[in-house]
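[1] here is my input; please provide its structure:
(one chain, ligands or ions: 1)
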Amino acid sequence: MASVTERIYYTDPTCLEFDATVVSSETVDGRFVVVLDRTAFYPTSGGQPYDTGTIDGTAVTDVVDREDGSIGHVVGAPIETGARVHGRIDWARRFDHMQQHTGQHILSAAFDRLHHARTVGFHLGAALSTLDLDKVLGADALATAESEANRIVWENRPVSIRVATPDEAAAMTFRKEPTRSGPLRVIEVEGFDMSACGGTHVERAGQVGVIAIRSWEKFRGGMRLEFACGARALREFRVLRDAVAGSLRCLSVAPQELPSAIEGAQTENKDLRRTIRDLGERLAVHEAAALVQRARAIGSARILVDALEGWDQQGLKALASAAAGQPGVVVALISAGDPALVVIARASDVRLDAAAVLKALVQRFGGKGGGKPELAQGGGLMGARADMTAALNQIIESLIQPAS
Ligand SMILES: [Zn+2]
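    Here you go, the predicted model:
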């Protein structure tokens, strides 16, 4: 039988070890779930993830806030009902959550006080936390709220927990009007923020360390911020520091010059690509003239079949097109490497279907491709270059028509 669990973290968020009695022990969806009469384990709720740790040495892998007011601990092995057990919380994980959660209260209050921007969402993630605001603010407004939040942290203001009766709560001014009835758990950052909240928080604002906004974007008519507090902010700083330092070493510039240096490098890269393309086209024209010199005459046509090294598909095509720019020329070029690429082109005054030549070649050597009567290209051909060259010469000779 389940019962309402006494939540030790409500009144003592720094309690790391506790003794308790197992109230129930059951299997739910193949997982062992243990309910204790009292617990310091925080269950996933209010945007804050669950605590991990151990119960009698057995790992706790999930903690669930159940509708009947009990807290279910998912453990690796069943524990007998009625047993006296000892619980231990993973403090590093819990303290991290306390830093992020308290930091969120302070940051939300700063947005509310300075810019009348309300917090409408909060999620504490494994690496970063997000906070959703109901309006869009500029970079300067974000910076003033961030500074104000950190001022409160560095003043090391007390963060208190108290339980207020409905009458007491009615007389209090909350940042966000509580929707729950009955007694309320009130978290106050002295003189700055009053919130009804069931999460775990640090005892003094200074323990948050620092609050840093990492990025922001427009989201559902307002905006979503990513932020990090305390140790997470330091971790994040280190990641960014190493990334920036690496970039600075590559570019040999000062940090503030980094964006313009990258922009400059991108522009230069674009210019170089254009130059290479232009040079490639000029080279193709030059090489094509040399190729045509080696062509052999068949009737009024000049045919050149060759296997070339160092040309990619684009280069072969440019080369073949340039060669076929001269009257009477038929050119078929095969790439180095396996499988082979092939480009077949002919001058406009030659009566030959380049696509038909390619089709006949593919039938013998495999691969695929296609094109038009004046230019065809294919790839995936397998075989010796000498065989392909011989086949191409033979196919072209058999398909070429006399000039009209
Ligand atoms: Zn809270």
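
[2] now for whichever residue of the stretch 251-400 of the chain sits closest to the ion, how many residues are close by?
    Residue nearest to the ion within the stretch 251-400 of the chain: Pro255 (36.0 Å; Cβ to the ion). For glycine as for every other residue, the C-beta is placed from the backbone atoms N, C-alpha and C. The local packing of Pro255 (other Cβ atoms under 10 Å) involves 11 other residues.

[3] what packs against the helix or strand where Val343 lies?
    Element membership of Val343, judged by DSSP states H and E, is strand 340-346. Strand 340-346 sits against helix 313-323, strand 329-335, helix 354-365, strand 375-381, helix 385-399, with contacts defined as 3 or more Cβ pairs under 8 Å, 6 or more residues apart in numbering; DSSP states H and E.

[4] pick the most buried one from those.
    Counting by mean count of other Cβ atoms under 10 Å, strand 329-335 has the highest mean neighbour count of the helices and strands packed on strand 340-346, with a mean of 25.

[5] what angle do that one and helix 385-399 make?
    150 degrees (axes from the mean of the first three to the mean of the last three Cα atoms, to 10 degrees).

[6] which other residues reach strand 329-335?
    288, 291-292, 295, 301-308, 311-313, 316, 319-320, 323-324, 340-347, 350, 352, 357, 381, 385, 388-389, 392, 396, 400 (Cβ atoms under 8 Å, 6 or more residues apart in numbering).

[7] pLDDT on that strand, on average?
    The pLDDT scores in strand 329-335 average 95.

[8] ok, back up a step: any idea of the pLDDT on the residue of the stretch 251-400 of the chain closest to the ion?
    pLDDT for Pro255: 87.

[9] then the one 5 residues further on?
    If you check Ser260, the pLDDT there is 94.

[10] quick one: secondary structure of it?
    Put simply, Ser260 is helix when judged by DSSP: H, G, I helix; E, B strand; the rest coil.

[11] in contact with it, which residues?
    Listed by Cβ under 8 Å, 6+ apart, the contact set of Ser260 is empty.

[12] can you tell me what sits against the strand holding Val343?
    Under the criterion Cβ under 8 Å, 6+ apart, residues 307, 312-313, 316-317, 319-321, 323-324, 329-335, 352, 354, 357-358, 361, 365, 367, 369, 371, 373-379, 381-383, 385, 388, 392 lie in contact with strand 340-346.

[13] try stretch 101-112
    Contacts with stretch 101-112, where a contact means Cβ under 8 Å, 6+ apart, come from 47-48, 117-119, 122, 124, 129, 131, 133, 137, 145-146, 148-149, 152-153, 159, 175, 187, 189, 192-193, 195, 197, 199-202, 205, 207-208, 211, 213, 227, 229-230.

[14] follow-up on the earlier one: who's in contact with the residue of the stretch 251-400 of the chain closest to the ion?
    With Cβ under 8 Å, 6+ apart, Pro255 has these contacts: 244, 248.

[15] and Leu399, by the same measure?
    Residues in contact with Leu399 (Cβ under 8 Å, 6+ apart) are 352-353, 356-357, 360.
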